[in-house]
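Colleague: What shape does this take:
(2 chains)
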There are 2 protein chains.
Amino acid sequence: MTRADVQELLERRERLLGPGNPLFYDDPVHLVRGEGVWLHGDDGTRYLDCYNNVPCVGHCHPRVVEALCVQAGTLNTHTRYLHENILDYAENLLAKFDDKLDRLALACTGSEANDLAMRVARVNTGANGFICTNATYHGNTTAVSQLNSIFEPIGGYGEHIRMVSWPDAYRAPYDLEGEALAEHYAAEVAAAIESLANSESGFAGMLVCPIFANEGLPGIPGGYLSKVVELVHEAGGVFIADEVQSGFGRTGKWWGYQQGGIVPDIVTLGKPMGAGHPISGVVARGELLDNYRRHEMYFNTFGGNPVSCAVAMAVIDVIDDEGLVENAAEVGRYVLQGFTELKSRYELIGDVRGSGLFFGIDLVADRESKTPAAAKAAEIVNRMRHKGVLMSKIGEHDNVLKLRPPLCFSKANADLLLERLDEVLASL
Amino acid sequence: MTRADVQELLERRERLLGPGNPLFYDDPVHLVRGEGVWLHGDDGTRYLDCYNNVPCVGHCHPRVVEALCVQAGTLNTHTRYLHENILDYAENLLAKFDDKLDRLALACTGSEANDLAMRVARVNTGANGFICTNATYHGNTTAVSQLNSIFEPIGGYGEHIRMVSWPDAYRAPYDLEGEALAEHYAAEVAAAIESLANSESGFAGMLVCPIFANEGLPGIPGGYLSKVVELVHEAGGVFIADEVQSGFGRTGKWWGYQQGGIVPDIVTLGKPMGAGHPISGVVARGELLDNYRRHEMYFNTFGGNPVSCAVAMAVIDVIDDEGLVENAAEVGRYVLQGFTELKSRYELIGDVRGSGLFFGIDLVADRESKTPAAAKAAEIVNRMRHKGVLMSKIGEHDNVLKLRPPLCFSKANADLLLERLDEVLASL
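Modeller: Predicted structure coming up:
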């Protein structure tokens, strides 16, 4: 595609969708096809996808596409009629969780799941106040926007929101480490709980991504999550794990919360759940969701329809049959070793973090000051795109390279990624 | 399926999804297949679908299923890469609207669309207050739940909500009709606007279904909508038409607002947009959506993906190519004549209303008092189900039979519906 053709697409976007629709790369990518870990541009370029977690089983996985087509050609209705798919799926999905998490509500997007989870916490606590971190994003509904510390919501933040520092073992401005650092961050949560409990809002709960993905995927000081869950429970609150990014094997375990050795009261699911098909869910301790349903009728027209459930079922089956959780753990370790080796050669790399196939590479002006090198991150992402590797950046300071390939990512794919990244780092 | 099998499905539902998940009919229907206007039960029963508006082009329409399968097997990504589908779809969709409505944002559910539309109105007015009617439902997010007058939201209604009587030309307790009645109802809106304007919330807008579907599909006193739009605009507010039910040809015109002879500032779309595939949208005057985007980043992971847009495009194409808007108008008139004939024979039928293929049959204890006959409505719905016709009930008093078949409903289908309804009415 010529530059003029790209320009035409950009103009149509602006005319039809308006300005300000986010787009990746200085030189945007125009895609026409996807397969496994590969995305194909209209000009024949093949890109190694190191960014997209939604197509968790790989782009256009034939078993997922087949499940979609067969059910879409057979029946697609809402859940006010009886159908096995939603029940079979619920059984298979819940079997992946701790026994206490035994009830499922289905919706279409992660935002809807978080919106619903907040309401479940509210009705079960009679309180309204939530704690989130100070560098995060959880979705796009009006209620969930209140938890988006990286974008101020329209009308500003309500008095029911308290933001705490995300736990950061790398750049924390404290002369602490390990358990002492965990205690330090947990103390912030304790203070926020007290502040909410003494306010008109009261304390309903805490909602965080258990691996703090948007915060920059930090090394979490040991024991932080279990301390925080304990504090939340002591105060009568509900702990919600937003697993929209960390779930479905991403971290080398089925759920991100398992990395932290905790069991949340509510888990929210989204992105990879249908490998691109819009399905999301709230998994909760039964009494919480049941009590919610006694107070409010929740119905979602598309949520839990036979097509969505057939697709989501195929996703679980593929993850299991192809051993993708194990693959994420194994290939993830291999990639992390590679990044660590690059760190030994490039001063720009201050910290390398991650679990499973989710990585953060924290770029710094120098390793002493740890000053975030955001411009360098942008430069690398754009150069990698021109070398046929798609990735992005994230974090409070926008200086953390974010890599999150489909779970079928192989060691050969990893070698290509590491080779290209080495070239780009050398070219800076 | 035996009664024991149904019982097993019900028990699994309760165990996995919890109690309180809504289900139709005293004797729930277990469906296995859909085609056109027909739904098939597991026991071989064929049901005439007179309820489902979501599969607007008919269940499992081959062109829609094919568009879904082809694109799902080719590429499914978010909109941070360039792709033609979203642009081609936006162009085709916007061409169906008044020229002033020239910008589109895509999401996955009607709830998300209404949630977003409220925020667009808020940022453009700097105000927070909304007017809705006193017997409606607009969706399931926390913010949209505030407009659900038929279910009190958790935590109760905020001070930013004002509910006005829905315009009812049949049961209004006023000795008024025509324009005088319209003026009467519009005066309630004027008072609500004044009340909000003088409150801390301020007046942001009014959000209604332009055919007041959930209210019971009333005969709207002539000129009511244009009076109301004028009042909203005079007060600097935004008029939002929730076309989740009334859109896409349902009323015999492309949009329900065209029935009222108005042009809204924002239109929200959902249910039939993807014939069951989760896609929704906000169509707005460009300056409103563009101004919103300058204040808040809106991104929806699944919204506007190539698969959703391919499906939604096929839906528009089928509606056009099969003349379904015209069919809705023509067959709709035929059905309405039939209902009117039934009314002449059954005292139970107090009023027959509708436009296109969307009907309300208002049941009354007697025509003098017009006392709503809710139990009779439930009885008819359940008896019709056993005669192989699926329909439901709606309205402030739950006494209005609600019929809303796929838009490919034929006169032969209508004859069957009328025959069965006649039998059931005779059997009461």
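Colleague: What's the mean pLDDT across the lengthiest helix in chain A?
Modeller: When chain A is parsed with DSSP state H, its longest helix is helix A:324-345. Across helix A:324-345, pLDDT averages out at 98.
Colleague: And for it, what's in contact with it?
Modeller: For helix A:324-345, contacts defined as CB atoms under 8 Å, 6 or more residues apart in numbering or on different chains pick out A:56-57, A:249-254, A:318-319, A:349, A:351-352, A:354-359, A:361, A:403, A:407-411, A:413-415, A:417-418, A:421-422, A:425. To be clear about C-beta, it is placed using only N, CA and C from the backbone, and glycine gets the same treatment.
Colleague: Give me the three-state assignment for the closest residue to chain B within the stretch 301-428 of chain A.
Modeller: The nearest approach of the stretch 301-428 of chain A to chain B comes at A:F302, 4.0 Å away (CB to the nearest CB). The three-state assignment at A:F302 reads coil, by DSSP: H, G, I helix; E, B strand; the rest coil.
Colleague: Now do the contacts for it.
Modeller: Contacts of A:F302 by CB under 8 Å, 6+ apart are A:H78, A:C108, A:P278, A:S308, B:C108, B:T109, B:G276, B:H277, B:P278.
Colleague: Quick one: the helices in chain A, in order.
Modeller: Secondary structure of chain A (DSSP H): helices at A:3-17, A:62-72, A:84-94, A:110-125, A:142-145, A:178-197, A:224-234, A:286-295, A:306-321, A:324-345, A:374-386, A:411-427.
Colleague: Identify each buried residue in the fourth one, please.
Modeller: Going by neighbour count (16 or more other CB atoms under 10 Å in any protein chain shown), the buried part of helix A:110-125 is A:110-125.
Colleague: wait, what's in contact with A:R404?
Modeller: Neighbours of A:R404 in contact, by CB under 8 Å, 6+ apart: A:C50, A:Y51, A:N52, A:N53, A:Q245, A:R250, A:L357, A:F358, A:F359.
Colleague: For chain B, see how far away A:I279 is.
Modeller: 8 Å (CB to the nearest CB, to the nearest Å).
Colleague: go on, A:E91?
Modeller: Following CB to the nearest CB, the distance that separates A:E91 from chain B is 6 Å.
Colleague: swap in A:A4?
Modeller: The spacing between A:A4 and chain B, counted by CB to the nearest CB, is 14 Å.
Colleague: What about that residue, how many residues nearby?
Modeller: By the criterion of other CB atoms under 10 Å in any protein chain shown, A:A4 has 7 neighbours.
Colleague: residue contacts, A:V311?
Modeller: Going by CB under 8 Å, 6+ apart, A:V311 touches A:V64, A:A67, A:L68, A:Q71, A:G274, A:A275, A:H277, A:I279.
Colleague: list the contacts for the residue nearest to the spatial centre of chain A?
Modeller: Nearest to the mean C-alpha position of chain A, counting by CA atoms, centre = their mean, stands A:Q245 at 1.8 Å. Going by CB under 8 Å, 6+ apart, A:Q245 touches A:N53, A:C209, A:I211, A:A213, A:N214, A:G256, A:K271, A:F358, A:R404.
Colleague: Among the contacts of A:V311, list the two that are farthest apart in space.
Modeller: The distance between the two most remote of the contacts of A:V311 (CB to CB) is 14.3 Å, for A:Q71 and A:A275.
Colleague: Tell me which of the two has more neighbours.
Modeller: Of the pair A:Q71 and A:A275, A:A275 is the one with more neighbours under other CB under 10 Å, namely 30 against 22.
Colleague: wait, what's in contact with that one?
Modeller: A:A275 is in contact with A:V54, A:P55, A:C56, A:V57, A:H61, A:V64, A:V311, A:V315, B:N76, counting by CB under 8 Å, 6+ apart.
Colleague: Among the residues you listed, which one lies nearest to B:S392?
Modeller: Nearest to B:S392 among these is A:V311, at 27.4 Å by CB to CB.
Colleague: From B:M273, how far out is the closest one?
Modeller: Look at A:V311 and B:M273: by CB to CB, to the nearest Å, they are 19 Å apart.
Colleague: swap in A:S344?
Modeller: Using CB to CB, A:S344 is found at 53 Å from B:M273.
Colleague: Those two - which one has more neighbours?
Modeller: B:M273 (27 against 8).
Colleague: Surely that one and B:F248 touch.
Modeller: Yes. Counting by CB atoms under 8 Å, B:M273 touches B:F248, with 6.6 Å between them.
Colleague: which residues are common contacts for those two?
Modeller: B:V315.
Colleague: How about the residues of the stretch 201-350 of chain A by chain B?
Modeller: By CB under 8 Å from any CB of the partner chain, the residues of the stretch 201-350 of chain A that approach chain B are A:270-271, A:275-279, A:286, A:289-290, A:293-302, A:304-305, A:307-308.
Colleague: quick one: stretch A:386-395 near chain B?
Modeller: No. Counting by CB under 8 Å from any CB, chain B has no neighbours in stretch A:386-395; the shortest distance is 8.7 Å.
Colleague: Who is A:S355 paired with across the strands?
Modeller: Beta bridges link A:S355 to A:F358 when assigned by DSSP bridges.
Colleague: residues in contact with A:I131?
Modeller: Residues in contact with A:I131 (CB under 8 Å, 6+ apart) are A:I161, A:R162, A:M163, A:V164, A:V189, A:A192, A:I193, A:L196, A:F203, A:G205, A:M206, A:L207.
Colleague: same thing but at 10 Å, please
Modeller: With contact set as CB atoms under 10 Å, 6 or more residues apart in numbering or on different chains, A:I131 has these partners: A:147, A:161-164, A:188-189, A:192-193, A:195-196, A:203-208, A:228, A:231-232, A:237, A:239.
Colleague: now it, nearest residue through space, not along the chain?
Modeller: Counting by CB to CB, 6 or more residues apart in numbering or on different chains, A:I131 lies nearest to A:M206, which is 4.2 Å off, once chain neighbours are set aside.
Colleague: how many other residues sit next to the one you found?
Modeller: Residues near A:M206, counting by other CB under 10 Å: 29.
Colleague: That one contacts A:T125, doesn't it?
Modeller: No. At 11.5 Å, A:M206 does not count as touching A:T125 under the criterion of CB atoms under 10 Å.
Colleague: and for those two, which residues touch both?
Modeller: In contact with both A:M206 and A:T125: A:A235, A:G237, A:V238, using CB under 10 Å, 6+ apart.
Colleague: List just the nearest of those residues to A:N134.
Modeller: Closest to A:N134, out of all of the shared contacts of A:M206 and A:T125 and judged by CB to CB, is A:G237, at 18.6 Å.
Colleague: how much space is there between that closest one and chain B?
Modeller: As for A:G237, its distance to chain B is 16 Å (criterion: CB to the nearest CB).
Colleague: now do A:D27
Modeller: Using CB to the nearest CB, one gets 11 Å for the distance from A:D27 to chain B.
Colleague: same check, this time on A:V65
Modeller: A:V65 is 5 Å from chain B, by CB to the nearest CB.
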